[in-house]
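*Asks:* Okay, structure incoming, though there's no sequence with it:
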């Protein structure tokens, strides 16, 4: 998985590239290989500095290998954490500069590898996200995350990342001091090498993070006590005592603050083994696998790509559906009211501006998506759509009339989806020329934020129509569940 490129200027490039997987993950074998590779470089006088970089196009390191961990016992899992912590502490305390050049996802242990380096460079790219995501699986960071994240960004900024798994993009990471510099994605390895060489020459040093008033308060013993107490109260309210990982994270943080980083690291390893074999974590990991499985296409169906989407109804739900679809294909939103369409345009535009500010998309992509949106009062403009999603009022007769009007305008293999939250799909499809293409796509409000999408199939719905809706919803970033038609579907 690890290749070394020794440059003539004394920089050693440590290149991560798991040959059998689409992403880099951490396992006991990988940790051992990493140690066997990096430790000699730290001791080699001919090596002036190191750069850790990934050869994967979208990922730095995506965290631990969950399938492998599931087969280990508590003692083995704790030992894996101790070995990893020993190696990362060796890197962290080395007098030789080590630079992390991060492009793509640095999640869980991937971020911890970066945190152990002396300088973190991140690409200004939507694919680059950094997170301590272990808590979402009922785990805690087991490679120093509870210690080095706090040291790097401060207690106030670190706790939300540790306790919620919140993802941070490159620009935000730079502002909070999580990364030291951002750069364009192309040539990040070479940029990392230049930074490493500058550090070795004494020309580049990490700038100390500017501390806010709250940071300064939290750096005092009384301030830390207040912040940690409030964090425990919030955790108790949110979890109702049912999830052991967040309190364990807070205990590790407090141990490190009181007794030093090494004590905190030891506490991490101890907790990691216990949490990894707990029923809470096992169930959350199973849920994680199930959600990934739900993203796969339906058996036996090769869904057709949606090349044009029509959304009927420009209200809050319709505008939300348009917002999450413009990255996939051109979208036409039809409503009888120009005023409603104007509000829909604002909803879409405000969403694009937020994405640009957060670094989720570049401004040129926002402009491209704006150009894909057509707002209209004319029914003829929906022609050519191969997926139609109606988001009109919850009235079965109105939805039937809309469906009848649409069937006059679109091809026979275009899918018609109702965003109804409770009306039976069979009743909406009654009298349709092609009931096999009618189904439900029940989004939740606000559409850009809510991850669940119910795909509701009636007895008459064809598998090919279900497959198209499922594939499109998955590309929108939704967790899709396919449910049979019935009162209230699954959630309502």
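*Replies:* It's in. Please read these numbers as outputs of a predicted model, since none were measured by experiment.

*Asks:* Residues touching the lowest-mean-pLDDT helix or strand in the chain, excluding its own?
*Replies:* Between all helices and strands in the chain, the lowest mean by mean pLDDT, DSSP states H and E belongs to helix 66-70, at a mean of 83. With contact meaning C-beta atoms under 8 Å, 6 or more residues apart in numbering, helix 66-70 is reached by 27-28, 77, 80, 137, 276, 282, 285, 288-289. No exception for glycine: its C-beta is placed from N, CA and C like everyone else's.

*Asks:* Please list only the buried members of those residues.
*Replies:* Among these, the ones that count as buried by 16 or more other C-beta atoms under 10 Å are 27-28, 77, 80, 137, 276, 285.

*Asks:* Export those to TSV and append columns for secondary structure.
*Replies:* Below are the buried ones among the contacts of helix 66-70 laid out as TSV (DSSP: H, G, I helix; E, B strand; the rest coil):
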residue	secondary structure
27	coil
28	helix
77	helix
80	helix
137	helix
276	helix
285	helix
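
*Asks:* OK, contacts around residue 158?
*Replies:* Contacts for residue 158 (C-beta under 8 Å, 6+ apart) come out as 149-150, 152, 253.

*Asks:* Check residue 127 too.
*Replies:* The contact partners of residue 127, by C-beta under 8 Å, 6+ apart, come to 58, 103-105, 185.

*Asks:* Look at it and give its secondary structure.
*Replies:* Strictly by three-state DSSP, residue 127 counts as coil.

*Asks:* Now do it against residue 173, distance only.
*Replies:* 14 Å (C-beta to C-beta, to the nearest Å).

*Asks:* before we move on, back to that, distance from the least confident helix or strand of the chain to the middle of the chain?
*Replies:* 20 Å (C-alpha atoms, centre = their mean, to the nearest Å).

*Asks:* Equivalent analysis for stretch 429-438, please.
*Replies:* 37 Å.

*Asks:* for this structure, what are the low-confidence residue spans?
*Replies:* By pLDDT under 70, the low-scoring segments of the chain are 297-301, 487-492.

*Asks:* Would you mark the buried spots in stretch 51-69?
*Replies:* If you call a residue buried by 16+ other C-beta under 10 Å, then stretch 51-69 has these buried ones: 51-54, 56, 59-66, 69.

*Asks:* what's the answer for stretch 372-379, then?
*Replies:* Neighbour counts over stretch 372-379 (16+ other C-beta under 10 Å) mark 372-376, 379 as buried.

*Asks:* same check, this time on stretch 44-51
*Replies:* Buried residues in stretch 44-51 (16+ other C-beta under 10 Å): 47-51.

*Asks:* In space, not sequence, find me the middle residue of the protein.
*Replies:* The centre of the chain sits closest to residue 167, judged by C-alpha atoms, centre = their mean, with a distance of 6.3 Å.

*Asks:* what's the domain layout of this protein?
*Replies:* Following automatic domain parsing, the chain resolves into domains at 2-291, 309-484.

*Asks:* still on that earlier bit, please identify which of the buried residues of stretch 372-379 is nearest to residue 362.
*Replies:* Lowest distance from residue 362 to the buried residues of stretch 372-379 (C-beta to C-beta) belongs to residue 372, with 15.5 Å.

*Asks:* Can you tell me which helices and strands the helix or strand encompassing residue 370 packs against?
*Replies:* Using DSSP states H and E, residue 370 maps to helix 363-371. Packed against helix 363-371 by the contact rule (3 or more C-beta pairs under 8 Å, 6 or more residues apart in numbering; DSSP states H and E) you find helix 338-358.
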